[in-house]
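Colleague: turn this into a structure:
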Amino acid sequence: MQVESERTPFINRVRAVGYVRDEDMAFEALVLADEVKNPRWSLEFQRPLDPDDQDRILGLDTYCLVFPSGETAYQCLARVQISKAKLRLVLTEEAAARLGLTTSLDFILELSPTDFEEMTAGLRGILKGQRGEPLIVLE
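Modeller: Numbering: from 1, shown residues only. Now for the predicted structure:
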């Protein structure tokens, strides 16, 4: 995944989806990538299962995105639009400026029906009910 400037559109193909819920590590994550084997990039959506007081004080008690660069952004989404062929993540203005990205990140989905359902369920599970929950739109 390339780091895009504010003037360059951000578009990548998603061909792989993975979901994990780890009770021992107390988190769940959804990973999108360009390939199943040897991906060139991946994007992770994560949330803690059991945030503690320290997490709440530090603002880490909600979802985050982990970008390929390693940067992590909490409560960074304003909107998520999902269709069979495309995923659009609309970042908050603040998050886009801090990450040096456009506010709209578009992904072309090349997923099996099973992977599409896993992605949709994973996004809902991680984002719904969280502080700073983005609007999720299914098209």
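Colleague: host element of the residue most central in space within the chain?
Modeller: Residue closest to the average C-alpha location in the chain (Cα atoms, centre = their mean): Phe45, at 3.9 Å. Counting by DSSP states H and E, the element that carries Phe45 is strand 42-48.
Colleague: average pLDDT for that strand?
Modeller: The pLDDT scores in strand 42-48 average 94.
Colleague: what lines up beside that strand in the sheet?
Modeller: Neighbouring strands of strand 42-48 in its sheet, by DSSP bridges, are strand 27-33 (antiparallel), strand 64-66 (antiparallel).
Colleague: ranking these by burial, who's on top?
Modeller: Of all the strands paired with strand 42-48, strand 27-33 has the most neighbours on average by mean count of other Cβ atoms under 10 Å, namely a mean of 21. All C-beta spots, glycine's among them, are computed from the backbone N, C-alpha and C.
Colleague: so what's the residue count around Gly59?
Modeller: With neighbours defined by other Cβ atoms under 10 Å, the count for Gly59 comes to 12.
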